[in-house]
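A.B. asks: test case, fold it:
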Amino acid sequence: ALTDGLSTRMRKLFGVHIKTALTMSGIHALRQGFSQLVKNVKEIDSALTQLKIVSGESGTAIEKFADKAFQAASKIGSSAVDIMKSTETWSRLGYSLDDSLSLASTTAKFSNVGSISVEDATTSMTAILKAFSTDEQNAPEMAQKIADILTVVGKKYAISASELGEGLKAGGASLEAANNTLEQSVALLAAGNAAVQDSSKVGNALKTTTLRIRGATAELEDSGEEIDSFCESTSKMQATIKGLSGVDIMEADNKTFRSTYDIMLDISKVWDKLSDINQASLLEASSGKRNATVIKSIITNVKDLEGAYVDASNAAGTVDEANSKYIDSIEGKLKQFTTKFQEFSESVSNTDWIKGIIAAGTVLVEILKNILTFGNGAVGTIGMIATGFALFSKLKIGKFLPPMPECKSNGRVCKLVNCWEVWNEYYDYKAA
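C.D. replies: Have a look, this model is predicted:
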């Protein structure tokens, strides 16, 4: 009543509004949750459909795989959809469904500790694995080894795990062809990146250097690199480097190239004894004019070169240890929650519950369509607002909202002023 004190009237005013705001927030959250649920169902269905096409597996096998994917994602701290998409990529490369899931799980761990997307991690891991391993039976173990090495070296040196992946993606195949092990290749990248801070550039520089030393002129041309007299003749390259530094690029049998790592390590030991002219000539002969800075960084950073090799050789278990710390982080816990909600979304998609919600939604859309198409212009808008109030009054959403008074229509059109009166009546703060 008008005689109520100010405090009483304010309490009634804000009490009603706060309850309404809380209820509306709940409705909004529910709508968002349902939207996310539908999105999850669509993403999971799409990922599993693509995997079924690529792998050629039966529907039953894919259903069993989905259960394993959810378990793996929850354990690792990754998204189940990301695991499924990564599995599809590995499956495209010819690996079995079980091996593909194992490879995808390792990739997801690398993604977590390397702070890169699972998609980018998959791209790097597939390139590295194909470069350094031809044994498909051993692929899961090799992938684990790759992730371990990239993780430990990325933690200790001036190059991150993801940058190592980029560098190996650029130069890994050429380094392997030049008789470098994965450990040696990573050590070369770590030493080279210390001064350059561009892992792709380092990877490409190492690729060019290995091609020049081996005299692979066709591949150099394909890469757009310069061809000179040094790389056109293996014997001339061998004689030039040996004449300038005393280091041989060939093994004792004079038929097998020494690894790039061993060549650079030996050159580093005599580097300070060389004249400036000989140093410059050696860099140009081995790597070309454009890549001299990178190769010099490797040669003059022997501490990182040797240290990274030792650490890479003793990296077993590193990625699992790092990922366990990631899982305990806020981000890791959020990903586990996301996976659980994705699993929930997938489970309810096969029940009548979600079908009922979709059916109810269809009816509601039809009602709204009728409202929107009733009348035209301003009349249609007034009708929509008024009918909306009437509809809302019958829903009785939550215990905080009493039923709104029904808006009386005048003929076929509910007057805007009447709607305003209804709204005022609903929020009447006078004493009952």
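A.B. asks: what about Asp222, how many residues nearby?
C.D. replies: 10 (other C-beta atoms under 10 Å). To be clear about C-beta, it is placed using only N, CA and C from the backbone, and glycine gets the same treatment.
A.B. asks: can you pull out the low-pLDDT segments for the stretch 251-400 of the chain?
C.D. replies: For the stretch 251-400 of the chain, applying pLDDT under 70 flags the ranges 345-400.
A.B. asks: please enumerate the helices of it.
C.D. replies: Taking DSSP state H, counting those that start in this stretch as the criterion, the stretch 251-400 of the chain carries its helices at 260-270, 276-287, 292-300, 302-313, 318-327, 330-348, 352-372, 377-395.
A.B. asks: in the first one, what counts as buried?
C.D. replies: Residues Thr260, Tyr261, Asp262, Ile263, Met264, Leu265, Asp266, Ile267, Ser268 are the ones in helix 260-270 that count as buried (16 or more other C-beta atoms under 10 Å).
A.B. asks: do stretch 277-287 as well
C.D. replies: Gln279, Ser281, Leu282, Leu283, Glu284, Ala285, Ser286, Ser287.
A.B. asks: what does that stretch contact?
C.D. replies: Among residues not part of stretch 277-287, those counted as contacts by C-beta atoms under 8 Å, 6 or more residues apart in numbering are 205, 208-209, 212-213, 230, 237, 240-241, 244-245, 267, 271, 274, 292, 294-296.
A.B. asks: at 6 Å instead, please
C.D. replies: Stretch 277-287 is contacted by residues Thr209, Phe230, Thr240, Leu244, Ser245, Ala292, Ile295, Lys296 when judged by C-beta atoms under 6 Å, 6 or more residues apart in numbering.
A.B. asks: can you pull the contacts of the first one?
C.D. replies: It stands for Thr209. The neighbourhood of Thr209, defined by C-beta under 6 Å, 6+ apart, consists of Ser286, Ser287.
A.B. asks: repeat that with 8 Å
C.D. replies: Neighbour list for Thr209: Thr260, Ser286, Ser287, Gly288, Asn291, Ile295 [criterion: C-beta under 8 Å, 6+ apart].
A.B. asks: Lys296 too?
C.D. replies: By C-beta under 8 Å, 6+ apart, the residues touching Lys296 are Ala195, Gln279, Leu283.
A.B. asks: cool, Arg258 as well?
C.D. replies: Counting by C-beta under 8 Å, 6+ apart, Arg258 touches Asn179, Asp248, Ile249, Met250, Glu251.
A.B. asks: isn't Ser78 up against Thr339?
C.D. replies: Yes - with contact defined as C-beta atoms under 8 Å, Ser78 and Thr339 form a contacting pair (7.1 Å).
A.B. asks: of these two, which one has the most company?
C.D. replies: Set side by side, Ser78 and Thr339 show unequal neighbour counts under other C-beta under 10 Å, the larger going to Ser78 at 29 against 25.
A.B. asks: helix, strand or coil for that one?
C.D. replies: coil (DSSP: H, G, I helix; E, B strand; the rest coil).
A.B. asks: and it, how far is that from Lys145?
C.D. replies: For Ser78, the distance to Lys145 equals 20 Å [C-beta to C-beta, to the nearest Å].
A.B. asks: just the buried members of the contacts of Arg258?
C.D. replies: If we count by 16+ other C-beta under 10 Å, those have these buried: Asn179, Asp248, Ile249, Met250.
A.B. asks: who's in contact with the most centrally placed residue in the chain?
C.D. replies: With distances taken as C-alpha atoms, centre = their mean, Ser117 lies nearest the centre of the chain, 1.4 Å away. Contact partners of Ser117, counting by C-beta under 8 Å, 6+ apart, are Asp82, Ser111.
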